[in-house]
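Asks: give me a 3D structure for the following:
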Amino acid sequence: MKGFTVTGDTPEKFMRKIERALHKGELGKFAKMTLALPEARIAFEKMGVTEFTYTISHEGETFTAKKTNEKVAFTHGFFRSEVERELERIIHRFGGEILK
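Replies: The predicted structure follows:
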């Protein structure tokens with residue numbers, strides 16, 4: 001996933017929705033999110049750290065979060081696609097459009 005776009009929500013509110021949804025599932029035990037505009041980070045910490053960094057830009061009522069960096073722990077390599085699928089599912093559930 002290269003990023004996502006969201007219309008009609010602020011980055012702060014949308015990231016809180018993602019965080020709450022993650023914490024309801026198995027990934028929530030290991031997920032940590034930070035938002036310091038224009039940057040957002042989603043990290044997973046267990047037997048290593050995997051971190052996805054996004055740069056957020058606004059255009060009207062739409063914001064776009066584009067992945068600018070990622071660090072995948074060696075121990076997480078096998079689960080990366082599952083983690084990204086879960087993130088995509090949550091983002092889509094809250095009205096985001098995935099950029100492939």
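
Asks: count of residues packed around residue 58?
Replies: When neighbours are defined as other Cβ atoms under 10 Å, residue 58 has 12 of them. The way it works is simple: take the backbone N, C-alpha and C, and place the C-beta from them, glycine included.

Asks: so which helix or strand takes in it?
Replies: strand 49-59 (DSSP states H and E).

Asks: what of residue 65?
Replies: strand 62-71.

Asks: and what of residue 21?
Replies: Using DSSP H and E, residue 21 falls in helix 11-24.

Asks: mind giving me the packing neighbours of that helix?
Replies: Here helix 11-24 touches strand 31-36, strand 39-45, strand 62-71, helix 80-93, going by 3 or more Cβ pairs under 8 Å, 6 or more residues apart in numbering; DSSP states H and E.

Asks: so the second one versus helix 11-24, what angle?
Replies: With axes from the mean of the first three to the mean of the last three Cα atoms, to 10 degrees applied, the angle from strand 39-45 to helix 11-24 works out at 10 degrees.
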